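Trainee: Below: sequence and its predicted model.
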Amino acid sequence: MSFNPLEEKGIPLEKQMRNWHQIVGEPYNKTAVDCYTRTRQILMNGIEVQAWGFKHQMNRFMSELDCEDRANISRIGRIENTQQMTANWMGPADQSVLEITLGYEQVAVDLTAWLAQNEPDKYVKETFDFGLLEDFDHLYRYAQFAYMTEGIEPEDIVQGKTDVIVGRPTQHHHNCNGLRLRKHYDKNAASPQTKVNILTVLSGEQQTHNFYAEHGFMYGDHILRETYAEIKDVEEEHVTMYESLIDPSETMWEKFLLHEFTEVCNYYTCMEDEVDERIKKYWEIALDMEIGHLKIAAEMFKKYEKRDPEEVIGSGIVIPCRFKSQKSYVQKILEAETNKRLAPEGEYYSSYGEIPEDWASYKVQEKVAEISAPSENAIRLIDIYYDRDIVSASEGLKKKEIEILEKGLQEKSIAHNTVTSGELRDMIKKHENRKEEKERLI
Ligand SMILES: [Fe+2]
Ligand SMILES: [Fe+2]
Ligand SMILES: [Fe+2]
Ligand SMILES: [Fe+2]
């Protein structure tokens with residue numbers, strides 16, 4: 001790719017301050033917005049939260065910084081703060097927490113699926129595929145509540161671009177955090193694409209965690225509150241999992257470069273893909289700001305590490321987040337890997353028979369679902385509302401739902417309120433039988 005951000009002009013830091021009107025901007029219309037404009041907006045909020053927090057970590061932990069560099073880092077942090085507002089506040093006030101939540105999980109599914117297919121490191125790809133099936137199931141669980149509490153069909157948010165159907169059941173996502181730790185890349189051997197891919201998904205997952213932490217309590221329905229708590233905890237595991245892929249020996253200077261480079265790459269992609277002309281103009285401005293940040297990071301890298309920044313970020317942009325429908329790829333992974341589980345030392349079990357009796361995650365799963373698994377109650381409740389679960393998928397995939405669930409459900413340490421594949425089959429039959437009857441009634 002020919003775009004080398006270090007050779008671009010960008011906007012110098014001293015010209016990046018904007019007024020309140022520009023910072024806040026106008027929200028999009030939730031009924032007219034393209035679903036991938038929404039996913040870009042959600043992802044860029046997460047990227048900015050991470051970029052902002054990292055500047056504060058630099059100033060808190062780096063004793064070697066001289067006064068002027070410390071001041072510049074705090075100036076950049078302030079700009080990240082304004083960029084975060086612009087991205088997040090593109091969301092309109094009439095979008096409910098559940099609607100935004102479906103947007104967050106659509107980000108996770110379609111971003112992770114894109115990354116998995118564009119990841120040069122096979123082991124990192126495997127980790128993306130593993131996380132993908134968990135967020136895929138979150139989307140399905142939340143879709144039940146969106147229908148029950150707000151009358152929202154999944155298509156209203158995902159616009160037919162992402163399938164909504166059972167994945168690896170959420171109750172099986174709870175692990176001993178030690179098992180979540182994966183093997184990290186070697187910073188001297190990994191490609192800039194791998195580093196940017198990981199930082200992108202990590203920022204998204206962290207923001208998803210934060211959003212559920214800050215908003216999950218905003219509903220009165222206690223099963224929905226518990227479901228937010230349950231899924232928020234999985235997002236915490238996802239943060240642990242994705243951050244463990246990063247070489248811990250990377251210096252703060254390398255990380256600074258990578259953070260700014262990741263922002264540049266993401267805004268570049270947003271700018272290229274955006275269909276809303278007004279928002280596209282903003283992505284372009286934000287890209288130019290990030291080029292300004294990257295240049296400063298590159299100068300500091302040369303000054304303190306006495307190395308060439310291209311050793312870390314290469315000489316061209318990488319594409320981390322081309323948002324588009326990933327249905328066929330996701331379906332392939334869904335059919336093959338719902339029974340995959342985490343093994344020690346960054347390995348995986350690919351069948352239940354390989355899992356030892358003393359697997360550390362059993363204890364966690366048994367404890368948290370001691371009373372019940374909220375994500376299973378979601379399906380028990382929707383049975384009452386709709387006679388079956390809410391799904392949005394092709395007829396072909398819908399026919400495979402029982403099989404997918406059967407494969408994904410593990411017998412040991414299963415929650416007592418689990419909806420079994422047999423029960424789901426009965427629900428679907430009941431729905432079919434009563435559909436015509438209900439339609440006849442006025
Ligand atoms: Fe930024
Ligand atoms: Fe998720
Ligand atoms: Fe996640
Ligand atoms: Fe930045």
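Mentor: Here it is on my side, so go on. Ligands and ions are numbered 1, 2, ... in the order given.
Trainee: shouldn't residue 312 be in contact with residue 302?
Mentor: No. Using C-beta atoms under 8 Å, residue 312 is not in contact with residue 302, being 11.4 Å away. In this view, the C-beta of every residue, glycine as well, is placed from N, C-alpha and C.
Trainee: What parts of the stretch 201-350 of the chain come near ligand 4?
Mentor: Contact residues, the stretch 201-350 of the chain versus ligand 4 (C-beta under 5 Å from the ion): 260, 263, 290, 293.
Trainee: Of the residues you listed, which belong to helices?
Mentor: 260, 263, 290, 293 (DSSP state H).
Trainee: For the helix or strand hosting residue 269, buried residues please.
Mentor: Element membership for residue 269, per DSSP states H and E: helix 252-273. Neighbour-count burial for helix 252-273, counted by 16 or more other C-beta atoms under 10 Å, picks out 252-271, 273.
Trainee: Over to stretch 210-218?
Mentor: For stretch 210-218, burial by neighbour count (16+ other C-beta under 10 Å) applies to 210, 211, 212, 215, 216.
Trainee: With stretch 228-247 instead?
Mentor: Neighbour counts over stretch 228-247 (16+ other C-beta under 10 Å) mark 228, 230-246 as buried.
Trainee: circling back: between the residues of the stretch 201-350 of the chain next to ligand 4, which sits nearest ligand 1?
Mentor: Of all those, ligand 1 sits closest to residue 263, with 4.7 Å by C-beta to the ion.
Trainee: Nearest residue to that closest one in space, please, no chain neighbours.
Mentor: Leaving aside its sequence neighbours, residue 263 sits nearest to residue 290 (C-beta to C-beta, 6 or more residues apart in numbering; 4.3 Å).
Trainee: Same question for residue 136.
Mentor: Counting by C-beta to C-beta, 6+ apart, the nearest residue to residue 136 once its immediate chain neighbours are dropped is residue 167, at 3.8 Å.
Trainee: hang on, the earlier thing: count of residues packed around the residue nearest to residue 263?
Mentor: Number of residues near residue 290 (other C-beta atoms under 10 Å) recorded here: 31.
Trainee: those helices in the stretch 151-300 of the chain, which residues are they?
Mentor: Applying DSSP state H, counting those that start in this stretch to the stretch 151-300 of the chain gives helices spanning 154-158, 177-180, 192-215, 222-243, 252-273, 277-305.
Trainee: Could you list the low-pLDDT ranges of this structure?
Mentor: Filtered on pLDDT under 70, the chain yields the residue ranges 1.
Trainee: ok, back up a step: export the residues of the stretch 201-350 of the chain next to ligand 4 to TSV and append columns for distance to ligand 2.
Mentor: Compiled in TSV, these are given as follows (distance: C-beta to the ion, whole Å):
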residue	distance to ligand 2
260	27
263	23
290	27
293	29
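Trainee: List just the nearest of those to residue 9.
Mentor: If you rank those by distance to residue 9 using C-beta to C-beta, residue 290 comes first, at 12.5 Å.
Trainee: that older thread, and the residues of the stretch 201-350 of the chain next to ligand 4, which two are the farthest apart?
Mentor: 263 and 293 (7.0 Å).
Trainee: What residues does the most centrally placed residue in the chain make contact with?
Mentor: Among the residues of the chain, the one closest to the centroid is residue 108, at 3.3 Å (C-alpha atoms, centre = their mean). By C-beta atoms under 8 Å, 6 or more residues apart in numbering, the contact list for residue 108 reads 131, 132, 135, 138, 139, 204, 205, 208.
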